[in-house]
Structures are given as structure tokens and as C-alpha cells.
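Asker: build the 3D model from these lines:
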Amino acid sequence: MKKIFAAVSVMAALFTSCSVKVKANVEVEKSKEVEETYSIDTTLSSVIALPKVDTTGSMTLMEALKNRKTGRAYTGAALSDRQISELLWAAGGVNREDGRLTSPTARNVQQIDIYVYTKRGVFLYKPVGHQLELVKEGNFIAKAGKQPFYEKAAVALTFVANYDKMEALNFDEKAMEFYGATDTGFASQNVYLYCAQENLGTVVCGMIDRDTIKEVISLKNGYPVLSQAIGVQE
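Answerer: Predicted coordinates:
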């Protein structure tokens, strides 16, 4: 009987220990869910280092494709630093040691520059280093597109075909126009799929004031192909 009692006691202790560990793991997971920061939305700095990207994700590719949709109604609430970091990495971040990106580009020219509009400024996303570089101070989110829903977007992106990069590899005018469009499409769709995972609203727009955008970002040799609004859905 003593041996049986001892065995039961050991089993009970192990069960209690496992229960504590499971509870602790659940608490850790819960804390991960609530530990969001929102400093990028309010930060004005010449360089903003973006948080490290968790590439495990919370949704399968097929689920993201199933949930992909256009959303134009936003609450005006901010995106978290994690979300901004991950959506930019999805759009065109470095995903291999050789410096290649999540979205393909013709001859790996990596000519699609992504400009990010926040409430504090306009930034250029730099895939190498995964950071933002300040281009212009001020809230120009509404200037990224002509549609009224940009007013309540948390952030906006403008995809710009960088002609300096393409001319350096001897792309002719037709090739620059064609690949500027196709390669922007790849990046934009990646943003759509990321937003599907995060249940964010997004819409890509070709009806934009390109002259105004060129002035805002001080663009000299390139073409603003599309803009994309992203926000918390109503």
C-alpha cells in the first residue's frame, strides 16, 4: 500500500507541475497578445528601426487567400509597431541571406521603393536593415490617394518604380513601365494577404495625384505606380 501511495503521490506531483507549466505557457501567450506598442505612429526620427519580424504567422496561406478582400471603412485607430513592421516586410522585405526579397522583381533589380505615410511623417522603407528613413515631416496620409477613406487610414503606402535602378541595368522605357507595374502588383498583393491574416482593411488605388506625391516625396526619377491604404476595419 505504501508503494501504491508513493506512486500516486508522484503522479499527482507531476500532474500539478505540468498544469502549472501549461498555465504559465498560456499566460505567456496571452501576454504576447497584449504586449503591443504603438510608438511608430507617434515617432518623428530620421531613422526608425522596425521590430524583428515573426515569420511564423497566425494563419495558413490558404486561409489568408480565403480571407483576402478589399476594405475601405476604417476607424482611424493606429496600427501596432509589430503590424507596421510585418506588413512592410511582407511587401518587400529581405527573406534570404543573399538579400532577395519577399516580392519578386525583374532581374532582381529591386526597383520598387515603398514610401510609408504615418501621422508624423513620410518615410522610405529600407529592406536592408529593415528600417524607415524620414523623407518629409507631417501627416500626408490623405495625399496618398484622392479617395476620402484615406483620411481615416492608419497608414498609407505608395509604390514607386525607381527608374535610376532600372536604367542602371539598361531597362528601356517600355520595360521600366511594364515591370514597374507588374512588380508593384506582387508587393501590393503581399500586403493584402498580410492584412487578411491581421483582419485589417486595405485597398490599392491607381487613381492618385502623382504630381502631388512626387512633390511630397521629392521624387526626381521614378513613377508612383499605386498607393495602398491600410487601417483598422470598422
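Asker: contacting residues around the closest residue to Gly57 other than its chain neighbours?
Answerer: Residue nearest to Gly57 in three dimensions, not counting chain neighbours: Gln197, with 6.2 Å by Cβ to Cβ, 6 or more residues apart in numbering. (Each C-beta comes from the backbone N, C-alpha and C, glycine too.) Contact partners of Gln197, counting by Cβ atoms under 8 Å, 6 or more residues apart in numbering, are 57-59, 63-64, 67.
Asker: please redo it, this time with the cut-off set to 10 Å
Answerer: The neighbours of Gln197, taking Cβ atoms under 10 Å, 6 or more residues apart in numbering as the test, are 57-61, 63-64, 67-68, 83, 86-87, 90.
Asker: please produce TSV containing the residues you listed, extended by distance to Asn190.
Answerer: Shown next, in TSV, are the contacts of Gln197 (distance: Cβ to Cβ, whole Å):
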residue	distance to Asn190
Gly57	12
Ser58	16
Met59	14
Thr60	15
Leu61	11
Glu63	15
Ala64	10
Asn67	14
Arg68	11
Gln83	14
Glu86	11
Leu87	9
Ala90	5
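Asker: closest to Val122 among those residues?
Answerer: Leu87 (16.3 Å; Cβ to Cβ).
Asker: doesn't the residue nearest to Gly57 lie inside a helix?
Answerer: Yes. Counting by DSSP: H, G, I helix; E, B strand; the rest coil, Gln197 is found in a helix.
Asker: about what we covered before: just the buried residues of the contacts of Gln197.
Answerer: Buried members of these, scored by 16 or more other Cβ atoms under 10 Å, are 57, 59, 64, 83, 86-87, 90.
Asker: reformat the residues you listed into CSV and put pLDDT, secondary structure and distance to Pro127 next to each item.
Answerer: Formatted as CSV, those follow (pLDDT from 0 to 100; DSSP: H, G, I helix; E, B strand; the rest coil; distance: Cβ to Cβ, whole Å):
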residue, pLDDT, secondary structure, distance to Pro127
Gly57, 87, coil, 19
Met59, 94, coil, 23
Ala64, 96, helix, 21
Gln83, 97, helix, 17
Glu86, 98, helix, 13
Leu87, 98, helix, 13
Ala90, 98, helix, 11
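Asker: gap between Leu219 and Leu79?
Answerer: Distance, Leu219 to Leu79, using Cβ to Cβ, to the nearest Å: 25 Å.
Asker: what do you get for Thr202?
Answerer: For Thr202, the distance to Leu79 equals 11 Å [Cβ to Cβ].
Asker: let me see the ranges of the helices in this structure.
Answerer: Using DSSP state H, the helices of the chain run over residues 2-34, 61-67, 81-92, 163-168, 173-198, 210-217.
Asker: so who does the residue nearest to the spatial centre of the chain touch?
Answerer: Central residue of the chain (Cα atoms, centre = their mean): Leu87, 1.2 Å from the mean position. By Cβ under 10 Å, 6+ apart, Leu87 lies in contact with 53, 79, 93, 114, 116, 155, 157, 190-191, 193-195, 197-198, 200, 202, 228, 230.
Asker: would you confirm that Val155 contacts Tyr38?
Answerer: No. Val155 is beyond contact range of Tyr38, at 11.8 Å (criterion: Cβ atoms under 10 Å).
Asker: settle this for me: Lys119 is touching Asp41, isn't it.
Answerer: Yes. At 5.8 Å, Lys119 counts as touching Asp41 under the criterion of Cβ under 10 Å.
Asker: mutual contacts of Val155 and Tyr38, please.
Answerer: When contacts are counted by Cβ under 10 Å, 6+ apart, Val155 and Tyr38 are jointly contacted by 78-79, 83-84.
Asker: how about Lys52, what does it touch?
Answerer: Per Cβ under 10 Å, 6+ apart, neighbours of Lys52: 82, 85-86, 89, 130.
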